[in-house]
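Engineer: The following comprises the amino acid sequence and a computationally predicted model.
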Amino acid sequence: MGRDLLHKNVERTSVTNASPESERNPDKREAAFPSRVLGFHQDEHGHWVVELSCGHTQHLRHEPPWQSRGWVLDADLRQQRIGQPFACGWCAQGVDSATLGN
């Protein structure tokens, strides 16, 4: 007798599940030499930007369910991230920090 494929239950992860970062590194960022968080500042629109040891910066937004980064909104939680590893999207693309800006 045949196998009933209609009853196969495949569960997928939820979009709203918490993760260390909101993305799962779709560009396969190199984890062997991650950048570290040096500090934070706000841009002209009030969005938080992380300053990284590689010389790059990255906007950090908390916009559930697409980006779940509630810690960005809390000063104490941001402070706890200083010195922690952070996968830099610019470095993953091979962008030299000297070519950015100006």
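Structural biologist: Alright, I've got the coordinates. Predicted model, so just to flag it, every value in this text is computed and none were measured.

Engineer: Could you pull out the helices in this structure for me?
Structural biologist: 75-81, 89-92 (DSSP state H).

Engineer: Pull the residues that contact the first one.
Structural biologist: This means helix 75-81. Residues outside helix 75-81 that contact it (C-beta atoms under 8 Å, 6 or more residues apart in numbering): 37, 40, 48, 50, 70-72. Backbone N, C-alpha and C define where each C-beta goes, glycine included.

Engineer: that older thread, for the helices of the chain, give me TSV that also has mean neighbour count, distance to Pro64 and mean pLDDT.
Structural biologist: What follows is the helices of the chain, written out as TSV (neighbours: other C-beta atoms under 10 Å; distance: least, C-beta to C-beta, whole Å; pLDDT from 0 to 100):
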stretch	mean neighbour count	distance to Pro64	mean pLDDT
helix 75-81	12	16	94
helix 89-92	16	20	84
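
Engineer: Can you add distance to Glu63 and give those back as CSV?
Structural biologist: Shown next, in CSV, are the helices of the chain (distance: least, C-beta to C-beta, whole Å):
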stretch, distance to Glu63
helix 75-81, 17
helix 89-92, 17
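
Engineer: Determine the longest strand present in this structure.
Structural biologist: Longest strand in the chain, counting residues (DSSP state E): strand 35-42.
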